[in-house]
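Visitor: Okay, here's the prediction I keep looking at, along with the sequence it came from:
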Amino acid sequence: MSSRLEGHDHRVSYFYNGDRLDCDACDRLHDGRYSCGECKFNIHSKCAFVLKTKEIRDHPSHDGHSLKLLTTGVPDHTDPKCHLCGKNTKRLLYHCFDCKLSLDIGCIVDHINSPFHFYMPWHHHPLQLCYFRSLRICYFCNESGGQGYLCLRCGLVIHEQCVSVFDLPEITHPSHVRHPLKLLTNGAPSYTKSTCHICGEDIGNLLYHCDNCKFSLDMGCAIRKPLPVALPNLKVHEHTLTLMPKFISFVCDACGTDGEDVPYVCVQCDFMIFHQYCTRLPRVIHVNHHDHRVSFKNPLGPGKWRCGVCWEEIDWSYGAYSCSICPNYAIHSLCATRNDVWDGEDLDEVPEEVEDIEPFKRNDDNTITHFTHEHNLMSLSKDSEESSFCVACVHPIGSYTFYKCSESDCSFILHETCANLSKKKRHFLSPKPLHLGLLSNNSDYQRNCSACLLVCCGGIVYDGMFDLLCSSISVPFIHGSHPHPLFYLKLVGGHFKTCQGCGIKNNKVVLCCVKCNFFLDFRCATLPLTVSLARYDDHSLTLCYGEKASDKYWCDICERVTNSETWYYTCKDCGVTLHILCVLGDIRYAKPGGKICKGVELLPNNRSTRPICNSCHFRCQGTFIVTVFDKVKDSGKVEFYCSSSCFETRPLPLIYLPEYDTICPLGSVV
């Protein structure tokens with residue numbers, strides 16, 4: 001960016017490349033500087049800023065009189081020496097005509113951190129040079145950090161390289177060639193919107209504006225990145241698009257969204273785009289809501305189309321993405337290219353390869369080789385294995401068909417349904433494909449599913465992040481607790497949503513019905529509708545979606561009050577009500593002997609006397625007991641916790657520090 005400098009005939013440009021050169025104003029070495037390519041004039045950025053002030057009224061070395069900027073040296077018959085440092089002044093200096101004394105630019109800069117300030121015509125308070133920390137945001141470019149100028153009265157912050165914009169009070173921009181744009185410093189006028197007409201971002205206080213057309217540009221679009229007049233070779237359109245420098249209301253042909261903006265148009269076929277994002281839409285992509293590739297098509301074509309992501313209707317007269325294999329599948333352009341849907345890869349002209357998603361190789365009718373195990377597995381259906389645990393889902397084999405390792409000394413066993421899980425799948429929980437992998441039961445650390453947040457100790461998961469239940473959900477998700485389909489929502493920016501099932505706030509991912517403001521976390525969405533417990537004989541427990549009740553309900557397991565408005569389990573025959581946590585616990589994929597972390601194991605809660613939890617001080621009710629063994633070998637000290645939650649919130653042991661004469665938690669000592 002070039003600008004005019006007081007006292008110099010040519011335009012100068014700001015550079016910063018690490019080279020240190022002599023400043024032609026103060027004779028000192030510098031790196032960040034303004035340079036003139038025509039006469040090789042270089043000036044320190046601090047000195048250049050000083051020259052923007054033509055008159056200094058309150059310099060501490062000369063109180064009472066003003067100092068005026070001279071650009072042609074000292075007047076005739078005047079002492080050429082600076083009255084502070086004694087050096088001869090140069091062509092650029094400040095002079096007091098009353099006292100006949102002068103100050104060179106170097107001495108002016110030396111006092112820049114004193115009570116002396118700069119007065120600029122575009123700001124009504126004095127400015128002071130300083131170095132910004134990361135929390136300071138430049139009033140001009142909205143970026144933090146760096147060197148610049150600060151107003152101590154109103155908090156204005158501006159980078160020193162951004163100051164030169166005020167040398168351009170009026171510009172002609174290629175996006176609006178009809179009228180010049182004028183610099184405004186107090187925000188957009190009240191009769192127009194406060195966003196940039198090109199990028200759509202909040203325009204801030206500094207902008208260029210046309211009163212005739214009510215057209216505004218932020219500084220980024222006006223100075224740093226002007227829009228090209230023409231866009232050739234786009235993937236969304238076969239012809240070159242031309243910028244129409246006029247603010248109008250219309251519907252974007254690429255995405256079908258209406259709005260007001262400066263469009264790119266194709267005169268040949270009446271095609272218009274106003275989103276800058278839409279001009280860069282890819283032609284062929286993979287989305288995590290569909291197994292096949294989808295391609296951009298404009299227009300989509302006649303038919304009743306519904307978006308495969310948001311499930312809203314698609315106007316077929318505009319552009320969208322469709323699948324060539326599945327004739328009824330289509331996605332809105334903006335839905336398909338969301339960060340949580342698309343992995344960012346454009347597959348145009350990339351040959352499609354057949355993906356290997358088969359989890360096993362069939363050797364014969366009864367034997368397979370699974371990718372998670374080195375030995376062959378045999379297909380069996382024997383009652384003798386009912387109590388064994390499936391390696392994948394860590395549930396008892398029961399009476400289901402299963403595969404077992406052919407080696408006699410190997411206990412690897414899989415349900416037939418678990419053995420058929422795809423080795424690779426596309427799922428809405430991740431924009432990239434998920435890969436199936438074995439989570440070792442003897443791992444030293446627990447894993448929490450990134451969707452339901454429940455603990456997994458062993459089993460098979462996808463990408464080490466998502467358990468089998470959460471990764472089996474598809475959208476739209478139909479649940480008996482709500483009459484409408486539920487869709488995936490990723491929460492960002494610290495936003496929370498309260499689950500209607502458990503009443504707990506979630507800031508990760510939820511399933512939702514936006515129309516009804518209904519939200520469900522993955523833990524509640526994957527709860528079994530019926531559960532059988534041995535203590536209730538053959539009666540099954542049914543999931544109840546809460547109800548309004550004047551009477552108090554009591555959990556038959558922990559004998560504490562149950563909130564009737566949240567979900568709970570009940571037995572229709574016995575009439576009991578049970579907390580969900582008391583029935584299922586908060587450890588989903590585990591079996592006896594599984595490890596939460598080093599030295600912490602899961603033991604079956606099958607003793608005649610249930611131990612008392614060291615955290616909540618109630619008796620352990622769940623299927624497993626989190627058991628902590630003393631790190632000192634054979635000490636015999638054991639702690640019991642009724643759930644993973646109680647274990648994680650356990651009070652840390654206290655130790656005495658004699659050097660500080662204090663007691664503190666063990667975990668706080670470094």
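Guide: Done, it's in.

Visitor: quick one, what contacts Leu334?
Guide: Leu334 is in contact with 255, 257, counting by CB atoms under 8 Å, 6 or more residues apart in numbering. (Each C-beta comes from the backbone N, C-alpha and C, glycine too.)

Visitor: can you pull out the helices in this structure?
Guide: 45-50, 105-110, 219, 333-336, 416-419, 468-471, 522-525, 580-584, 644-648 (DSSP state H).

Visitor: Next one: Cys405, what pLDDT does it get?
Guide: Listed pLDDT for Cys405 reads 90.

Visitor: How about it: which residues does it bridge to?
Guide: Leu377 (DSSP bridges).

Visitor: How about Gly459?
Guide: According to DSSP bridges, beta-bridge pairing links Gly459 with Leu439.

Visitor: okay, the helices of the chain in TSV with distance to Phe296 and mean pLDDT next?
Guide: Below are the helices of the chain laid out as TSV (distance: least, CB to CB, whole Å; pLDDT from 0 to 100):
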stretch	distance to Phe296	mean pLDDT
helix 45-50	47	71
helix 105-110	57	73
helix 219	33	75
helix 333-336	7	93
helix 416-419	37	90
helix 468-471	28	91
helix 522-525	32	93
helix 580-584	45	85
helix 644-648	46	81
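
Visitor: So Asn363 sits against Thr369, correct?
Guide: Yes. Contact criterion CB atoms under 8 Å: Asn363 and Thr369 qualify, at 6.2 Å.

Visitor: could you dump the helices of the chain to TSV with distance to Ile325?
Guide: Putting the helices of the chain into TSV (distance: least, CB to CB, whole Å) gives the following:
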stretch	distance to Ile325
helix 45-50	60
helix 105-110	69
helix 219	47
helix 333-336	16
helix 416-419	26
helix 468-471	23
helix 522-525	29
helix 580-584	40
helix 644-648	43
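
Visitor: now Cys310: how far from Ser216?
Guide: 31 Å (CB to CB, to the nearest Å).

Visitor: Name the residue in these two with the higher neighbour count.
Guide: Ser216 (26 against 18; other CB atoms under 10 Å).

Visitor: tally of neighbours for Cys516?
Guide: 12.

Visitor: got the phi/psi numbers for the residue of the chain most remote from its centre?
Guide: Most distant from the centre of the chain: His77, at 67.4 Å, with distances by CA atoms, centre = their mean. His77 has phi and psi values of phi 60, psi 30 when expressed as degrees, to the nearest 10.

Visitor: for Pro174, same thing?
Guide: Note on Pro174: backbone dihedrals following degrees, to the nearest 10 are phi -60, psi -20.

Visitor: now stretch 609-629, how far from the chain's geometric center?
Guide: 38 Å (CA atoms, centre = their mean, to the nearest Å).

Visitor: any idea of the mean pLDDT in it?
Guide: 80.

Visitor: End to end on it, go ahead and measure it.
Guide: Stretch 609-629 stretches 19 Å from its first residue to its last (CA to CA, to the nearest Å).

Visitor: Would you map out the domains in this protein?
Guide: If you go by automatic domain parsing, the domain ranges for the chain are 2-110, 128-165, 168-224, 230-278, 282-336, 530-584, 592-654.

Visitor: Please produce a markdown table containing the ones you listed, extended by distance to Phe487.
Guide: As requested, those are exported to a markdown table (distance: least, CB to CB, whole Å):
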| stretch | distance to Phe487 |
| --- | --- |
| domain 2-110 | 48 |
| domain 128-165 | 33 |
| domain 168-224 | 25 |
| domain 230-278 | 19 |
| domain 282-336 | 6 |
| domain 530-584 | 19 |
| domain 592-654 | 29 |
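
Visitor: so which of those comes closest to Val514?
Guide: Val514 lies closest, by CB to CB, to one member of those: domain 282-336, at 8.9 Å.

Visitor: first vs last residue of the closest one, how far apart are they?
Guide: For domain 282-336, the end-to-end distance is 10 Å (CA to CA).

Visitor: now swap in stretch 137-151 and tell me
Guide: End-to-end distance for stretch 137-151: 13 Å, by CA to CA.

Visitor: Repeat that for stretch 512-523.
Guide: OK, stretch 512-523 end separation, CA to CA: 14 Å.

Visitor: cool, stretch 370-380 as well?
Guide: 15 Å.

Visitor: Which residue ranges of the stretch 401-550 of the chain form strands?
Guide: Using DSSP state E, counting those that start in this stretch, the strands of the stretch 401-550 of the chain run over 402-405, 413-415, 424-427, 430-439, 447-448, 455-456, 459-462, 487-490, 497-498, 505-506, 509-513, 518-520, 530-532, 540-544.

Visitor: Now the weakest link among the domains of the chain, please, by mean pLDDT.
Guide: Per-segment mean pLDDT for the domains of the chain reaches its minimum on domain 128-165, at a mean of 71.

Visitor: Kindly export stretch 416-426 (C-alpha atoms) in CSV.
Guide: Extracted C-alpha coordinates of stretch 416-426, given in CSV (Å, rounded to 0.1, in the frame of the first residue of the first chain):
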residue,chain,number,x,y,z
GLU,A,416,-21.8,-62.4,14.1
THR,A,417,-23.3,-58.9,13.8
CYS,A,418,-20.2,-57.3,15.3
ALA,A,419,-18.0,-59.2,12.9
ASN,A,420,-19.9,-57.7,10.0
LEU,A,421,-19.3,-54.1,11.1
SER,A,422,-17.7,-52.1,8.2
LYS,A,423,-14.0,-51.5,8.5
LYS,A,424,-14.6,-48.0,7.2
LYS,A,425,-17.7,-45.9,7.1
ARG,A,426,-18.9,-42.4,6.5
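
Visitor: Can you give me the buried ones in it?
Guide: 418-419, 421-423, 425-426 (16 or more other CB atoms under 10 Å).

Visitor: For His427, name its beta-bridge partners.
Guide: Assigned bridge partners for His427, using DSSP bridges, are Ser430.

Visitor: measure it to Ile331 for me?
Guide: Look at His427 and Ile331: by CB to CB, they are 16 Å apart.

Visitor: Could you check which of these two has the larger neighbour count?
Guide: Using other CB under 10 Å as the criterion, His427 and Ile331 rank with Ile331 on top: 28 against 22.

Visitor: I'd say that one and Gly308 touch.
Guide: Yes. Counting by CB under 8 Å, Gly308 is a contact partner of Ile331 at 4.9 Å.

Visitor: burial of Gly37, as a residue count?
Guide: Gly37 is flanked by 11 other residues according to other CB under 10 Å.

Visitor: So what pairs up with the nearest residue to it once chain neighbours are set aside in the strands?
Guide: Among residues not flanking Gly37 along the chain, Ser13 sits closest, at 7.4 Å (CB to CB, 6 or more residues apart in numbering). Judged by DSSP bridges, the bridge partners of Ser13 are Ser2, Ser35.

Visitor: Surely Ser13 and Phe41 touch.
Guide: No. Ser13 is beyond contact range of Phe41, at 11.1 Å (criterion: CB under 8 Å).

Visitor: Quick check: neighbours shared by the two?
Guide: Both Ser13 and Phe41 are in contact with Ser35, where contact means CB under 8 Å, 6+ apart.

Visitor: okay, those two: which has more neighbours?
Guide: Phe41 (18 against 13).
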